[in-house]
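Peer 1: coordinates for the following, if possible.
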Amino acid sequence: MRIDAEVRFWRRTNTPERFHEMPLLTQDYLPQHLEPHLMEHGFTGCIAVLENELTALSSMEHDTLIASRHILGIVPRLPEHARLASNPEAGILGYHLPVFTGSTPQLKQLDTLCDLGLPLSVDLARTPLASLRDLIEAKPTLQVILNHYGRPEGEPDEFETANDPWLSALQWLHEHPQTVITLSGLINPSDAGHFDDWDLPEAHFKPRLADLMAVFGEDRILFSSNWPIGLMSASFEDTLDLMTTLIDALSPTSLAKIMGLNAARCYGIEP
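Peer 2: Next up is the predicted model:
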């Protein structure tokens with residue numbers, strides 16, 4: 001079973017504002033554009049993490065996401081005001097929160113999420129680590145899926161640094177088994193400028209995966225292409241080839257877990 005645990009879809013007319021100055025991302029990125037890649041490489045499907053609340057989708061967008069056989073489920077943005085339904089509609093596997101603020105409405109929503117047994121997806125690159133610690137301490141029973149291993153937005157490139165201080169700052173998460181992390185961001189856009197033939201040399205990326213394994217272990221890491229945002233770093237195929245090679249070097253068991261079984265467990269998907 002292969003699952004891409006974090007992909008996003010949008011039309012060029014509603015490209016997320018933070019990507020407006022990036023021509024590559026101001027295009028249509030729809031299920032039909034990703035499905036050929038998933039089919040070619042034997043993926044069961046993907047998890048669609050939404051930029052918006054479910055109510056912000058048009059009926060056509062909603063039906064397209066739910067009906068697509070390669071979308072195993074959707075993770076809409078956590079509503080700011082509307083109460084979560086006690087029985088979420090079919091296809092909702094969790095909720096997405098770009099930034100945790102600790103507001104009273106947010107905490108109430110997270111209480112409901114805990115009661116429902118659904119995970120919370122959080123954008124690690126956009127969430128201050130102090131806020132993340134507050135979230136985990138406030139809701140210790142909540143399954144937290146950290147999207148995008150890459151460093152926070154605006155942080156300097158640490159390409160030449162042997163001991164990356166960003167990963168060191170995540171060491172405390174080792175003691176919080178309710179947290180898992182996706183591999184999106186393992187390849188940074190800045191990496192492309194360091195390789196003339198862009199063959200994604202394993203030797204460069206192996207220490208990054210080793211560091212993540214030391215913090216999270218093979219049971220708490222999820223494969224994610226971060227499509228289409230990941231295209232800023234490498235193609236879907238280059239990302240997949242690199243990550244499967246790195247993981248397969250650990251063990252076949254690790255490969256099976258990271259490439260799909262962990263995501264299935266976290267999101268409640270039947271293998």
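
Peer 1: counting neighbours, what do you get for the nearest residue to H174 once chain neighbours are set aside?
Peer 2: Nearest-residue entry for H174: V215, 5.0 Å, with adjacent residues in sequence omitted and distances by C-beta to C-beta, 6 or more residues apart in numbering. Any C-beta I mention is one placed from the backbone N, CA and C, and that applies to glycine too. Taking other C-beta atoms under 10 Å as the neighbour definition, V215 ends up with a count of 18.

Peer 1: go ahead and confirm V215 touches L167.
Peer 2: Yes - in this structure, V215 is within contact of L167 by C-beta atoms under 8 Å, at 7.3 Å.

Peer 1: rewinding a little: let me know the secondary structure of the residue nearest to H174.
Peer 2: helix (DSSP: H, G, I helix; E, B strand; the rest coil).

Peer 1: ok, it - contacts?
Peer 2: L167, L170, Q171, L173, H174 (C-beta atoms under 8 Å, 6 or more residues apart in numbering).

Peer 1: try T26
Peer 2: For T26, the set of contacting residues under the criterion of C-beta under 8 Å, 6+ apart consists of R12, T15, F19, H20.

Peer 1: W227 now?
Peer 2: Going by C-beta under 8 Å, 6+ apart, W227 touches D4, V7, R8, Y29, L34, H37, F236.

Peer 1: so how many other residues sit close to the residue nearest to it when sequence neighbours are not counted?
Peer 2: Spatial nearest neighbour of W227, excluding adjacent residues (C-beta to C-beta, 6+ apart): V7 at 4.6 Å. Here the count is done by other C-beta under 10 Å, and V7 has 25 residues near it.

Peer 1: buried residues in stretch 11-21, which are they?
Peer 2: Neighbour counts using 16 or more other C-beta atoms under 10 Å place T15 of stretch 11-21 among the buried residues.

Peer 1: contacting residues around it?
Peer 2: The contact list for stretch 11-21, computed with C-beta under 8 Å, 6+ apart, reads W10, L25, T26, Q27, D28, L30, E51, I229.

Peer 1: what pLDDT does the fifth one get?
Peer 2: With respect to pLDDT, D28 has a value of 94.

Peer 1: let's have the contacts of W227 in JSON lines, adding distance to D211 and secondary structure.
Peer 2: Formatted as JSON lines, the contacts of W227 follow (distance: C-beta to C-beta, whole Å; DSSP: H, G, I helix; E, B strand; the rest coil):
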{"residue": "D4", "distance to D211": "22", "secondary structure": "strand"}
{"residue": "V7", "distance to D211": "25", "secondary structure": "strand"}
{"residue": "R8", "distance to D211": "26", "secondary structure": "coil"}
{"residue": "Y29", "distance to D211": "30", "secondary structure": "strand"}
{"residue": "L34", "distance to D211": "29", "secondary structure": "helix"}
{"residue": "H37", "distance to D211": "28", "secondary structure": "helix"}
{"residue": "F236", "distance to D211": "24", "secondary structure": "helix"}
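
Peer 1: can you tell me which of the residues you listed has the most neighbours?
Peer 2: D4 (32 neighbours).

Peer 1: so what's it up against?
Peer 2: Residues counted as contacts of D4 (C-beta under 8 Å, 6+ apart) are L38, F43, G45, C46, I47, F223, S224, S225, W227.

Peer 1: in helices, which of those residues fall?
Peer 2: Here DSSP state H is the test, and these give L38 as lying in helices.

Peer 1: G260: which of the contacts of D4 is nearest?
Peer 2: Comparing these against G260 with C-beta to C-beta places F223 closest, at 7.2 Å.

Peer 1: now, which of the contacts of D4 lie within strands?
Peer 2: Secondary structure from DSSP state E places G45, C46, I47 of the contacts of D4 in strands.

Peer 1: reformat those as CSV; add pLDDT.
Peer 2: Compiled in CSV, the ones in strands among the contacts of D4 are given as follows (pLDDT from 0 to 100):
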residue, pLDDT
G45, 96
C46, 97
I47, 96
